[in-house]
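Asks: Need the 3D shape of this:
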Amino acid sequence: MTNNFSSFYFGVNKGSSGFVYALAFAFAAICLPASAQTTSLSTASENIFGISASNYKYNEPGFMKLNATKLGVDLSTTYAPGAKWPNKPDSWFYKAELSYFSGNADYTSPISGTISNTPHWFYEARVLAGKDIDMGTYVLSPYTGLGYRHLFNDLGYERTSNYTTLPIGITHKVKLNDNSQLHTNVEYMHLLSGVQKVQLIQSISMNQKNGYGLRLSMLKRQDKWSIGPTLTYWNLGQSELGGLTPLYEPKNNTLEIGFKGAMHF
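Replies: Numbering: from 1, shown residues only. Sure, this is the predicted structure:
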């Protein structure tokens, strides 16, 4: 969004204590005794509860920047039918995910100055379907689905972002030893549609049609827990004009580098 109001929005939170809590959880997981893990690399039916901490950098070149530390939680459930005698093995799996992140961000702009500790939160919901491909010494698990992301922040006025995405990804799974595996995930997220809304004197909506995201993670997995680094990158084009006094969302990019610990049950 730009004109006289241009770079005065899109806050995220900065909470160093949250980062410390998430790291404490992750290192505690490392210290848990390793339990016997199935020798199979196939996707299994399970539930996962995760905690993440990340460093967040948002940039609108020439307009504004945001820097924050964010804390998040996520829940997911996976259903994998598996082989049911006398039927042939079923290597398909289905997954539902829900995540929530929040914190405070420091805002800087060459146009409008600085603002500290701006509130921000977002949630994301996704449904996925994929298939295991046994490659002998490792397993590849390609998947796709549909995602919805809702973001809210308040800088004296309310601003929300809503995105519908098409995720396309693949997970590489390999055994490290009898008790652990390494799961490496690469994902591309295509923006299907988006709407930016701001509440000024009037409510203004701006359609967002161009953009994509990338996700990378490398998690060490034991039977009941996993831990490792994550990276998320977004690149969004300029939105369409909206409002009686035309406003638009400038081209922007976001980089999040984080660390995740999760329990499996």
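
Asks: mind checking which helix or strand Glu187 is in?
Replies: Using DSSP states H and E, Glu187 maps to strand 180-199.

Asks: Sheet-wise, list the partners of whatever helix or strand comes next after that strand with their directions.
Replies: Counting by DSSP H and E, the element after strand 180-199 in chain order, helix or strand, is strand 203-208. Here strand 203-208 is paired, per DSSP bridges, with strand 180-199 (antiparallel).

Asks: So for the strand holding Glu187, what gets flagged as buried?
Replies: Using 16 or more other C-beta atoms under 10 Å as the test for burial, strand 180-199 gives Gln181, Leu182, His183, Asn185, Glu187, Met189, Leu191, Gly194, Val195, Gln196, Val198. (C-beta placed from N, C-alpha, C; glycine too.)

Asks: Now do the helices in the stretch 1-150 of the chain.
Replies: 16-30 (DSSP state H, counting those that start in this stretch).

Asks: low-scoring pLDDT stretches of it, where are they?
Replies: 1-39, 83-89 (pLDDT under 70).

Asks: if we can go back for a sec, so which of the buried residues of strand 180-199 would you say is closest to Gly243?
Replies: Taking C-beta to C-beta as the measure, Gly243 lies nearest Val198 of the buried residues of strand 180-199, at 8.3 Å.

Asks: Surely that closest one touches Asn153?
Replies: No: assessed by C-beta atoms under 8 Å, Val198 is found out of contact with Asn153, at 10.3 Å.

Asks: ok, back up a step: so for the strand holding Glu187, what's the average pLDDT?
Replies: Average pLDDT, strand 180-199: 94.

Asks: and it, C-alpha only, in CSV?
Replies: Written as CSV, here are the backbone C-alpha positions of strand 180-199 (Å, rounded to 0.1, in the frame of the first residue of the first chain):
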residue,chain,number,x,y,z
SER,A,180,16.9,-42.0,13.7
GLN,A,181,16.1,-40.7,10.3
LEU,A,182,16.7,-37.4,8.4
HIS,A,183,13.7,-35.8,6.7
THR,A,184,14.5,-33.1,4.2
ASN,A,185,11.6,-31.1,2.7
VAL,A,186,11.5,-28.7,-0.2
GLU,A,187,8.2,-26.9,-1.1
TYR,A,188,7.0,-24.3,-3.6
MET,A,189,3.9,-22.4,-2.8
HIS,A,190,2.0,-20.7,-5.7
LEU,A,191,-0.3,-17.8,-4.9
LEU,A,192,-3.7,-18.6,-6.3
SER,A,193,-5.4,-15.4,-5.0
GLY,A,194,-4.9,-12.8,-2.3
VAL,A,195,-6.7,-9.8,-0.8
GLN,A,196,-5.2,-7.0,1.3
LYS,A,197,-7.6,-5.0,3.4
VAL,A,198,-7.0,-1.8,5.4
GLN,A,199,-9.4,0.1,7.6
